[in-house]
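Student: Give me coordinates for this.
(2 chains)
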Amino acid sequence: MNKRKLIKPLSYSVLIVALLLVPLLITQPYVLHILIMMAVNIGLASSLRFIATSGQFSLGHAGMVSIGAYTSALLVMKLGLSFWLAFPLSGLTAMCIAFLVGYPFVRLKGIYFTMVTLFFTEVIKLTAEQWRSLTGGVAGIIAIPRPNAIIIPGLLNANFASKADFYYLALMMVVFTLLILYAIESSRIGMTFLSIQQSEPLAESVGVNSSGFRVLAFSIGCFFAGLDGAFYCHYLSAIAPASFGFLLSINVFIYTVVGGMRRFSGPIMGAIILTLIPELARGVKEYEPFVFAGILLLVIFFLRGGVVSLPEKLSKIIKRRVAYA
Amino acid sequence: MIAQNLLNGLMSGWIYILVALGLTLVLSIVGIVQLAHGEIYMIGAYIVYYFCVSAGLNFFPSLLISILCVGLLGVVIERFFLRPFRDDVEGAIITTIALILILQTAMVAIAGESYKDIPSPIQGVLTVLGARLSWERLLTILVSIALVSLLLIFINKTKIGQAMVAVSEDREAAALQGINVNRVSSVAMFLGCALAAAAGGLTGAIFDVTPFIGGFALMKGIEVIILGGLGSISGAIIGGLILGLVDGLVTPLLSVQMAGIISLVVIILILLFRPQGLLGHE
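Tutor: Residues are numbered from 1 along each chain as shown, chains lettered A, B, ... in the order given. Model (predicted):
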């Protein structure tokens, strides 16, 4: 029993150490770039699933990423704040805005909630295009500075000139995101979210403040979307409203569903697979959406639990075979 | 100047209504928010373009062919992609997103990304009290009104139209009365896609056609049906006119973006105080 308890933390530590060693073994910037984008996508998909655990599908994630990205870029460029201050602040800004709009939004249920979050994304995009003096309009903001260097003599020299430094930052961000989300999900609050997902009237009848908890889930999920946005803008050093439209929200939703909504590991697997596939299919770049669509249809027709339910499904089939034999 | 903006607003409004009525028909009868509706609209525009330019046909025969072809495409889509996901929100969102990707990429492969222009069916302007109104836009409004009237007559006067109303109210009760729900769904999808194709063809004669025009149409269609109330035909007409007029009157005064922001904020506010939309019911 004790041995089994040890295996899980041990395997996770091995995984973390392996991930920390990656930039020492792989130096091609291209590979590191894919790993960094994977981390961003994992953060986005996991936080979207987190909101969904309380029974609401949000298409507002792109808007929140946009808010995080613009907040961080403007704080650093206009107010001269350090990135290390602007980074958490942009997450908090997204969270505050999510809290403010969330209160009225959660009065709507089902498809109405989804649609109003979609409109939110569109309003943020249009506002960024319109408010030229602040956001640079359609052209966006360019030459966003790199994160301030952290130098501890003899120990650490991170000046963010190389992809490897960004890789470590992305890794830290995604580990932080997953740890917090996992902790909340397995706490009493997470159980409450689940009860609202399964039956909102029943949860209310035993005294759960369902709209309060739905706002909480929405705000926490959006905090991480804001963080990802801030990271993204300093990593790419340029942002434009067009990158944060309807399509980004849809993509994050696809990652979550292809991986599997029901498990914590679902969006992680989904983001990994769907970030890799376009890169593998680079030879047929213009037909890449076909590949995406094909995967979506396969999942929805044959594998409703997502990719993470594959082992379970296979073992069931094998067991059935054995039983017949 | 005001009269021209008003006319532009009304024209956009009637185009939004055609798109929204298709969406709302499919939603209330098949039970799915058809996110690929914008791509249907886009394909409608392309078919008109090809028949007009490559086959050298007149605008109206081309529009009619497009409406029929796209309607049939809709029936096929409903049978194989939508029917398995009735009342399954997650599944329906995923399949329709897959359809967006497939249809859009296919169109890019066939037609390329360049701008196409459908030759205008009618030229010239009508001068009323000093206001110069283009015949092209007046014609678009008239054709749209005619199509919506035909739809209303079909729904209210024919047996299958009444069956559609019954299915939209209660699918199981309708099935128990001997209504063939699958056939009614096919008809609804045919009509919905036909309306979208008409909207696409009519807009294509005024603006440019690219494989990416569907997103805007879908967004406007969703805005209209949410504003008017899901499943309500009169709601969609009122909602479409409101949004069209906001777009037509605000755009020249401020900007396209401001027009979008104003209409979305209004819709969000209406939803908060009246979640079922202007004319919808619980």
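Student: low-scoring stretches of chain A, by residue?
Tutor: A:1-3, A:154-155, A:325 (pLDDT under 70).
Student: And the strands in it?
Tutor: Ranges of strands in chain A, per DSSP state E, are A:150-152, A:156-158.
Student: and these as a markdown table, adding distance to A:E288 and mean neighbour count?
Tutor: To be clear about C-beta, it is placed using only N, CA and C from the backbone, and glycine gets the same treatment. As requested, the strands of chain A are exported to a markdown table (distance: least, Cβ to Cβ, whole Å; neighbours: other Cβ atoms under 10 Å in any protein chain shown):
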| stretch | distance to A:E288 | mean neighbour count |
| --- | --- | --- |
| strand A:150-152 | 37 | 11 |
| strand A:156-158 | 34 | 13 |
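Student: So which residues on chain A come close to chain B?
Tutor: Residues of chain A found near chain B (Cβ under 8 Å from any Cβ of the partner chain) are A:57, A:104, A:107-108, A:110-112, A:115-116, A:118-120, A:122-123, A:126-127, A:129-130, A:246, A:250, A:253-254, A:257, A:261, A:286-287, A:289-290, A:292-294, A:296-297, A:299-301, A:304.
Student: Could you turn the buried ones of those residues into a PyMOL selection?
Tutor: The buried subset of the residues of chain A next to chain B, as determined by 16 or more other Cβ atoms under 10 Å in any protein chain shown, is captured in PyMOL by this line:
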select buried, chain A and resi 57+104+108+111+112+115+116+118+119+120+122+123+126+127+129+130+246+250+253+254+257+261+289+290+292+293+296+297+299+300+304
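Student: Tell me which of the residues of chain A next to chain B fall in helices.
Tutor: By the criterion of DSSP state H, membership of these in helices covers A:104, A:110-112, A:115-116, A:118-120, A:122-123, A:126-127, A:129-130, A:246, A:250, A:253-254, A:257, A:289-290, A:292-294, A:296-297, A:299-301.
Student: Around chain A, which positions in the stretch 101-250 of chain B sit nearby?
Tutor: B:L101, B:I102, B:Q104, B:T105, B:V108, B:A109, B:G215, B:M219, B:I222, B:E223, B:I226.
Student: Now with 6 Å, please.
Tutor: Listed as neighbours of chain A in the stretch 101-250 of chain B under the rule Cβ under 6 Å from any Cβ of the partner chain: B:L101, B:I102, B:T105, B:I226.
Student: and the last one, what element?
Tutor: It refers to B:I226. For B:I226, the element it lies in under DSSP states H and E is helix B:214-228.
Student: B:L133 too?
Tutor: Using DSSP H and E, B:L133 falls in strand B:131-134.
Student: Would you map the helices across chain B?
Tutor: Going by DSSP H, chain B shows helices at B:2-29, B:37-49, B:59-77, B:89-111, B:135-157, B:159-169, B:171-176, B:181-204, B:214-228, B:233-253, B:256-273.
Student: Of those helices, flag the one that's most buried.
Tutor: Neighbour counts (mean count of other Cβ atoms under 10 Å in any protein chain shown) averaged over each of these peak at helix B:37-49, with a mean of 28.
Student: Show me what that helix packs onto, helices and strands only.
Tutor: Helix B:37-49 is packed against helix B:59-77, helix B:89-111, helix B:181-204, helix B:214-228, with contacts defined by 3 or more Cβ pairs under 6 Å, 6 or more residues apart in numbering or on different chains; DSSP states H and E.
Student: Which pLDDT value goes with B:E282?
Tutor: In this prediction, B:E282 carries a pLDDT score of 50.
Student: For B:C193, list the residues it contacts.
Tutor: B:I40, B:V70, B:G71, B:G74 (Cβ atoms under 6 Å, 6 or more residues apart in numbering or on different chains).
Student: Repeat that for B:G44.
Tutor: Counting by Cβ under 6 Å, 6+ apart, B:G44 touches B:S66, B:V70, B:A196, B:A197, B:G200, B:G201.
Student: picking up where we left off before, which pair in the contacts of B:C193 spans the largest distance?
Tutor: B:I40 and B:G71 (9.5 Å; Cβ to Cβ).
Student: The residue in the stretch 151-282 of chain B that chain A sits nearest to: what's it in contact with?
Tutor: The minimum distance from the stretch 151-282 of chain B to chain A, using Cβ to the nearest Cβ, falls at B:Q257 (4.0 Å). Taking Cβ under 6 Å, 6+ apart, we find B:Q257 in contact with A:L126, A:E129, A:Q130.
Student: any chance of these in CSV, plus distance to B:A174?
Tutor: Shown next, in CSV, are those (distance: Cβ to Cβ, whole Å):
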residue, distance to B:A174
A:L126, 41
A:E129, 46
A:Q130, 47
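Student: Which of those residues sits closest to B:V19?
Tutor: Relative to B:V19, the closest of those is A:L126; by Cβ to Cβ it sits at 19.6 Å.
Student: How much space separates B:M189 from A:E204?
Tutor: The gap separating B:M189 from A:E204 is 37 Å, by Cβ to Cβ, to the nearest Å.
Student: and stretch B:198-213, how far out from the chain's middle?
Tutor: 12 Å (Cα atoms, centre = their mean, to the nearest Å).
Student: before we move on, what about stretch B:167-177?
Tutor: For stretch B:167-177, the distance to the chain centre is 25 Å (Cα atoms, centre = their mean).
Student: what do you get for stretch B:46-60?
Tutor: Distance of stretch B:46-60 from its chain centroid, counting by Cα atoms, centre = their mean, is 20 Å.
Student: Same check on stretch B:75-85?
Tutor: 19 Å.
Student: How about stretch A:193-204?
Tutor: The answer for stretch A:193-204 is 24 Å, by Cα atoms, centre = their mean.
Student: cool, stretch B:230-240 as well?
Tutor: 12 Å.
Student: okay, and for chain B, where does confidence drop off?
Tutor: Chain B contains residues with pLDDT under 70 at B:281-282.
Student: what residues does the strand holding B:L133 touch?
Tutor: Strand B:131-134 is contacted from outside by B:A3, B:L7, B:V125, B:L126, using Cβ under 6 Å, 6+ apart.
Student: Would you quantify the distance from the third one to B:G248?
Tutor: To B:G248, B:V125 is 17 Å away according to Cβ to Cβ.
Student: Leaving out sequence neighbours, find the closest residue to A:F301.
Tutor: B:P84 (7.4 Å; Cβ to Cβ, 6 or more residues apart in numbering or on different chains).
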